[in-house]
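Colleague: Here is a sequence together with a model predicted from it:
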Amino acid sequence: MNATELAFLLDKSRKESYTSENLVGKAATMLRQQQAEIEALEKEAALQRLSDFTQEAEKTLTDEEIIELFENPDDFNCIDFARAILRKAQE
């Protein structure tokens, strides 16, 4: 059931004796399905934004800059690495 169908049933229930229990159940099911679809779309959009950001950062950070951050693995700092990526993405 979609929102248009639910609206039709609501209109119909005003004109006819339609069991409210059945209508409420259908409405609840439809709302749960729509909420699940919204959450899936929001997650997909967030993943796409993250992917876009990552691809842009990869394009702007040079190999030399990455190597410089990894020259001494004992001193590697993931915060510095993240900041370098962000700095390049903002340029």
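Modeller: Now that the structure is in, tell me what you want to look at. As the structure is a computational prediction, the values presented were derived from the model and not from experiment.
Colleague: now what about the worst-scoring helix or strand of the chain on mean pLDDT, what contacts it?
Modeller: For the chain, scoring each helix and strand by mean pLDDT, DSSP states H and E identifies helix 63-70 as the least confident one, at a mean of 72. Helix 63-70 has contacts (Cβ atoms under 8 Å, 6 or more residues apart in numbering) with 76, 80-81, 84, 88. All C-beta spots, glycine's among them, are computed from the backbone N, C-alpha and C.
Colleague: Just the ones in strands from those residues, please.
Modeller: With strands identified by DSSP state E, none of the entries of those belong to them.
Colleague: Mind putting these into JSON lines with distance to Gly25, neighbour count and pLDDT?
Modeller: As requested, the contacts of helix 63-70 are exported to JSON lines (distance: Cβ to Cβ, whole Å; neighbours: other Cβ atoms under 10 Å; pLDDT from 0 to 100):
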{"residue": "Phe76", "distance to Gly25": "57", "neighbour count": "11", "pLDDT": "62"}
{"residue": "Asp80", "distance to Gly25": "56", "neighbour count": "11", "pLDDT": "75"}
{"residue": "Phe81", "distance to Gly25": "53", "neighbour count": "15", "pLDDT": "74"}
{"residue": "Ala84", "distance to Gly25": "55", "neighbour count": "16", "pLDDT": "77"}
{"residue": "Lys88", "distance to Gly25": "54", "neighbour count": "16", "pLDDT": "74"}
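Colleague: Thanks a lot, see you next time.
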